[in-house]
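Colleague: pasting a predicted model and its sequence here:
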Amino acid sequence: MIKLLIRHKRFLITAVFLLTVFLTYAINLRNKEHANPLERGVMSVTAPIAGGGAAVTGMLGDLWSDYVDLLEVRRENVALRKSVQRLNERVVAGNEAMMANARLKALLDLKGTLNAASLAVSVIGEDSSAWFKTLVVDRGSADGLLEGMPVLAAGGVVGRLVKVAPHSSRVLLLTDHASAIAAVVQRSRARGVVRGAGGGRCSMEFTVKDDDVKVGDAVVSSGIGGVFPKGLPIGEVTMVKKGEYGVFQTIEVRPTVNIANLEEMLVLFRQADE
Amino acid sequence: MMRYLKVTGWLLAAVLLQMTLLPRYLLDPFQPNLILILVVYLGLKLPHRFAGFAAFCLGVLQDSFSGIYLGLHAFSYLCIYTLLSELADRLYTDNRALFVLVVFLATLMGALLNLVMLLIFSVSNGVYASLLPALIPQALVNALIASLVFSFPLPAVEEAR
């Protein structure tokens, strides 16, 4: 018997083991919804490990997703910056268009008040010297311009054309020392010549002392000389000085037009045609 | 040949700057006169037979885009060039401080020449009222720019002598 057991020891052990496992399974079938002590022990031991593993896995997952998000955010940031730049350019262009519209509308209103034919010109250059006050405009003899034609802006007289090339011209501003315009004080009709005095100023010369001129009086073109039509605004009297000696009074005139900010102007044809 | 091309390049760049960017972005008395600085450079460093003609041409160019008197700057620049080319052999022209000083004085001299020409031959009464207040600031700005310009190695200065 013993020999038989020894001979089939391996088989018997396997059978007993299988039987034990089977019995364990069979016994636990009844109580399958409740954890037995072994299960509870295993669960208790493995729970913290599982929790730690889950935390590490979650952290790594978060890191990866954060990295992916960061890449996405960077791409999105670049795209948004470009978008903001485009929108800013549009805003600036829009503002520029609105301002140009306002200026051109004022110029169009001026054109409507004039009886003579005129041509709109744009400033493309300024004088590089501190002594001379001239501007370069984008139209020339090819557009019918001639030397001596009067140049106006929305506020009034700007100057006259002096050097005309086929596709550009120079405008001698009324503030240049070489500029002289026959003028009259609008209120009292006192006559004189408005000359440029540099630095954005003008003076009215040859107005006799007896003429009534006050600070704030408007000075307009008199039409004498045939260059400028009669009645165009030139400036406003800012200073009147009547010396003890001499025949004439000293009058300082501030131009109506802001010479420093000129961009579009009108050139009148009528006077030169006549 | 190469050095003359480089000098021509400098001249063209100065003229373009003077015509376009400087008047647009700098206020009146503080605009440097690059052309005058180059005329001084030509007078002191390049007393070549064509340099006088170049100084004259630079003046004519400036007159054609500034003011209404063609020949005004051409005359004053030619006078400055002639004077400097005569003096160049007696001066230590490699000295940068001398250049700066000469540019300062040349600005004053050019302005006074222009003033005399305007007063005698034109009807620009009272032009001195614009010229004189701007004179010293412009001379100082020119001197400052000259000190910057001559701190760079200009094309083949030694060979030109």
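Modeller: In hand now; what should we look at?
Colleague: which residues are in contact with the residue in the stretch 151-274 of chain A that chain B sits nearest to?
Modeller: Proximity of the stretch 151-274 of chain A to chain B (Cβ to the nearest Cβ) peaks at A:G198, 3.1 Å away. (C-beta placed from N, C-alpha, C; glycine too.) Counting by Cβ atoms under 8 Å, 6 or more residues apart in numbering or on different chains, A:G198 makes contact with A:131, A:133, A:175-177, B:126-127, B:129-130.
Colleague: are any of those residues buried, and if so which?
Modeller: Buried members of those, scored by 16 or more other Cβ atoms under 10 Å in any protein chain shown, are A:131, A:133, A:175-177, B:127, B:130.
Colleague: now A:V219, what's its secondary structure?
Modeller: For A:V219, the assignment made with DSSP: H, G, I helix; E, B strand; the rest coil gives strand.
Colleague: touching, it and A:V253? I think so.
Modeller: Yes. The criterion here is Cβ atoms under 8 Å, and A:V219 meets it with A:V253 at 5.4 Å.
Colleague: who has more neighbours out of those two?
Modeller: A:V219 (30 against 26; other Cβ atoms under 10 Å in any protein chain shown).
Colleague: quick check: beta-bridge partners of the more buried one?
Modeller: Beta-bridge pairing of A:V219 under DSSP bridges involves A:V185, A:G235.
Colleague: give me the nearest residue to B:Y81, chain neighbours excluded.
Modeller: Counting by Cβ to Cβ, 6 or more residues apart in numbering or on different chains, B:Y81 lies nearest to B:A55, which is 3.8 Å off, once chain neighbours are set aside.
Colleague: centre of the chain to stretch A:194-212, how far?
Modeller: On the basis of Cα atoms, centre = their mean, to the nearest Å, stretch A:194-212 sits 39 Å off its chain's mean C-alpha point.
Colleague: end-to-end on that stretch?
Modeller: End-to-end distance for stretch A:194-212, by Cα to Cα, to the nearest Å: 16 Å.
Colleague: hmm, the longest helix seen in chain B touching chain A?
Modeller: Of all segments of type helix in chain B, defined using DSSP state H, the longest is helix B:96-121. Yes. Applying Cβ under 8 Å from any Cβ of the partner chain, one finds helix B:96-121 in contact with chain A at B:N114.
Colleague: and the contacts of the helix or strand following that helix?
Modeller: Next helix or strand after helix B:96-121 toward the C-terminus (DSSP states H and E): helix B:127-149. Outside helix B:127-149, the residues that touch it by Cβ under 8 Å, 6+ apart are A:130-131, A:177, A:197-199, B:28-34, B:36-37, B:40-41, B:96, B:99-101, B:103-104, B:106-108, B:111, B:114-115, B:118-119.
Colleague: how distant is the strand or helix carrying A:E252 from the center of its chain?
Modeller: A:E252 is located in strand A:250-255, with elements delineated by DSSP H and E. Mean-position distance between strand A:250-255 and its chain equals 36 Å (Cα atoms, centre = their mean).
Colleague: what's that strand packed up against?
Modeller: strand A:191-198, strand A:201-205, strand A:233-241 (3 or more Cβ pairs under 8 Å, 6 or more residues apart in numbering or on different chains; DSSP states H and E).
Colleague: hmm, 7 Å instead?
Modeller: Counting contacts by 3 or more Cβ pairs under 7 Å, 6 or more residues apart in numbering or on different chains; DSSP states H and E, strand A:250-255 is packed against strand A:201-205, strand A:233-241.
Colleague: CA-only coordinates of the shortest one in CSV, if you can.
Modeller: Which is strand A:201-205. What follows is strand A:201-205, C-alpha atoms only, in CSV (Å, rounded to 0.1, in the frame of the first residue of the first chain):
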residue,chain,number,x,y,z
ARG,A,201,4.1,132.4,-39.5
CYS,A,202,3.3,135.2,-41.9
SER,A,203,3.3,139.0,-41.7
MET,A,204,1.1,141.5,-43.5
GLU,A,205,3.0,144.3,-44.9
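Colleague: contact partners for the spatially most central residue of chain B?
Modeller: Centroid check for chain B by Cα atoms, centre = their mean gives B:L36 as the closest residue, at 0.8 Å. Counting by Cβ atoms under 7 Å, 6 or more residues apart in numbering or on different chains, B:L36 makes contact with B:106-107, B:110, B:142.
Colleague: any idea how far the closest residue to B:S151 other than its chain neighbours lies from A:L63?
Modeller: In space, B:S151 comes closest to B:R96 once its chain neighbours are excluded; the distance is 6.9 Å by Cβ to Cβ, 6+ apart. Per Cβ to Cβ, to the nearest Å, B:R96 is found 61 Å from A:L63.
Colleague: the two - which one has more neighbours?
Modeller: Ranked by neighbour count (other Cβ under 10 Å), B:R96 and A:L63 place B:R96 first, with 13 against 10.
Colleague: would you confirm that that one contacts B:F152?
Modeller: No. Counting by Cβ atoms under 7 Å, B:R96 does not reach B:F152; the two are 10.7 Å apart.
Colleague: can you list residues touching both of A:V219 and A:V253?
Modeller: A:194, A:204, A:234-237.
Colleague: what sits against A:G125?
Modeller: With Cβ under 7 Å, 6+ apart, A:G125 has these contacts: A:135-136.
Colleague: let's see it at 10 Å
Modeller: A:134-138, A:168, A:170, B:19-20, B:23-24, B:65 (Cβ atoms under 10 Å, 6 or more residues apart in numbering or on different chains).
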